[in-house]
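Visitor: Sharing a model prediction with you, sequence too.
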Amino acid sequence: MIRTRKGVRILTYKADEPKFLWILLFVLTITYAYALESVVWTYIAYGLSFIFFAALTLRYRLEVKEEQFIHTIQVFGFSLLKRTIHANDIEKITIIYLGKKTIILLHLKKKLRIKLQRFSPEGIDQQMIQFAEANNIEVENPN
């Protein structure tokens, strides 16, 4: 989605956590919670099932502005972590193409690496290349 705010172009990309694994873990944990005879282990199983249920609602949001990214992690619709990444904090961007999937790695100067995948709508790879060219960031494409 493209929107503008005071003449600044903002592109927003969204991604959801894959559901299959979290549903499987949730069902197994609830099953064990009923089967366990110890009260303590039952409460631990219920606690884990809540964590797995929360993981089902994980959403990632990436806003691409002219000189920065805003990466937000949301749980139950609430922002859990909001990280602003400025262009001068990025050492290089690696783009990996695996069939129809695209994985983007942001290598930060703080020796951190942020992996971006499953974002929609399509075209995040081209947007990253344009962002890197506009801010003199090295783009590495292993393919």
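Guide: Nice, thanks for sending it over.
Visitor: where along the chain do the helices fall?
Guide: Listed in chain order, the helices of the chain (DSSP state H) span 20-35, 39-56, 124-134.
Visitor: Not including adjacent chain positions, what is the nearest residue to the residue nearest to the spatial centre of the chain?
Guide: The residue lying closest to the centre of the chain (C-alpha atoms, centre = their mean) is residue 60, at 4.3 Å. The shortest distance from residue 60 to any non-neighbouring residue, by C-beta to C-beta, 6 or more residues apart in numbering, is to residue 15 (4.4 Å). For glycine as for every other residue, the C-beta is placed from the backbone atoms N, C-alpha and C.
Visitor: Just give me the neighbour total for the one you found.
Guide: Look at residue 15: counted by other C-beta atoms under 10 Å, it has 16 neighbours.
Visitor: and it, how far is that from residue 116?
Guide: 8 Å (C-beta to C-beta, to the nearest Å).
Visitor: go on, residue 123?
Guide: According to C-beta to C-beta, residue 123 stands 13 Å off from residue 116.
Visitor: Who has more neighbours out of the two?
Guide: Legend: neighbour count by other C-beta under 10 Å for residue 123 and residue 116, higher for residue 116 (21 against 13).
Visitor: give me the beta-bridge partners of the more buried one?
Guide: Beta-bridge partners for residue 116, by DSSP bridges, are residue 104.
Visitor: and stretch 107-119, how far out from the chain's middle?
Guide: Stretch 107-119 sits 10 Å away from the centroid of its parent chain (C-alpha atoms, centre = their mean, to the nearest Å).
Visitor: Now do the domain split for this structure, please.
Guide: Split into domains by automatic domain parsing, the chain comes to 2-17+58-140, 20-56.
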